[in-house]
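> Generate a structure from the sequence data that follows.
(one chain, ligands or ions: 1)
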Amino acid sequence: MEIRKYQANDKLNCRNICLLTAPSTNDERKKQILLNLYNDYYTEQEPQNCFVLDDDGIAVGYIITSADFNEYSAKFKSIYLPELKKLSLPEYVIKRLSLSLEKRIAKKYPSHLHIDILPEYTGKGFGGKLIDLACENLAASDSKGIFLGVSYFNKKAVKFYKNHGFTVKLTIFPFVRYMAKLFD
Ligand SMILES: CC(C)(COP(=O)(O)OP(=O)(O)OC[C@H]1O[C@@H](n2cnc3c(N)ncnc32)[C@H](O)[C@@H]1OP(=O)(O)O)[C@@H](O)C(=O)NCCC(=O)NCCS
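Numbering: from 1, shown residues only. All right, here's what the predicted structure looks like:
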């Protein structure tokens, strides 16, 4: 097992990890929405801020991050939001609202992350290693801190983030908890 920088040929595996760790669906449109919201921006626009857990050349987990929320938001709005609008008007509206709410959190915590590991590789310390490495990488590029959104019901992930120094900043019941931490 190895943790390494994301490479372009990890793209398909990373997209699969995103779908396999989300609530299961056979609906192609829902899959495209998940990839639009949680995957493609990061690997396409900020590959230097993405890392994978590698099992014999195959990515089986990732942490994908964005260093600066304002840059993320501008690029997301111009490249990814129009596609999301075509896929689902309600998701488009929710994403627009999220972007304006997150803009306020990002004043203090400019970076953000998504982390997903295939079930057979969880609980072995790899998530902790990925999060430490991603935070070191962002701090080295002068970011002050990082935030994330986690489902209110994902108790395992909330505990994991707390163990890694994140605290809850805002809960939008019943959907999402925003957690954040400053870099040392
Ligand atoms: C949340 C997630 C990223 C955490 O990654 P992980 O690799 O399971 O995390 P770790 O193994 O570092 O830590 C998890 C637990 O394993 C324990 N652990 C760490 N190293 C271990 C080891 N070598 N052996 C056994 N257990 C270990 C940790 O103590 C921790 O336990 P705790 O939560 O009770 O304190 C991962 O479970 C995941 O991808 N889940 C599905 C998708 C998801 O929910 N993503 C987050 C969306 S916001």
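> Show me what counts as buried in the longest helix seen in the chain.
Determined from DSSP state H, the single longest helix within the chain is helix 89-105. Buried residues in helix 89-105, counted by 16 or more other CB atoms under 10 Å: 91-92, 95, 98-99, 102, 105. To be clear about C-beta, it is placed using only N, CA and C from the backbone, and glycine gets the same treatment.
> ok, the residue of the chain found nearest the ligand - contacts?
The nearest approach of the chain to the ligand comes at Gly127, 2.2 Å away (CB to the nearest ligand atom). The contact partners of Gly127, by CB atoms under 8 Å, 6 or more residues apart in numbering, come to 61, 115, 117, 160.
> Which neighbours in the sheet does the lowest-mean-pLDDT helix or strand in the chain have, and how are they oriented?
Across the helices and strands of the chain, mean pLDDT, DSSP states H and E gives its lowest value to strand 167-172, namely a mean of 93. If you go by DSSP bridges, strand 167-172 pairs up with strand 176-182 (antiparallel).
> returning to that earlier point: contacts made by the helix or strand following the longest helix of the chain with the rest, please.
For helix 89-105, the succeeding helix or strand toward the C-terminus, using DSSP states H and E, is strand 111-117. For strand 111-117, the external contacting residues (CB under 8 Å, 6+ apart) are 17-18, 21, 38-39, 42, 53, 60-69, 72, 102, 106, 126-127, 130-131, 134, 138, 143, 145-149.
> Mind checking which of the residues you listed are buried?
Neighbour counting by 16+ other CB under 10 Å classes 17-18, 21, 38-39, 42, 53, 60-69, 72, 102, 106, 126-127, 130-131, 134, 138, 143, 145-149 among the contacts of strand 111-117 as buried.
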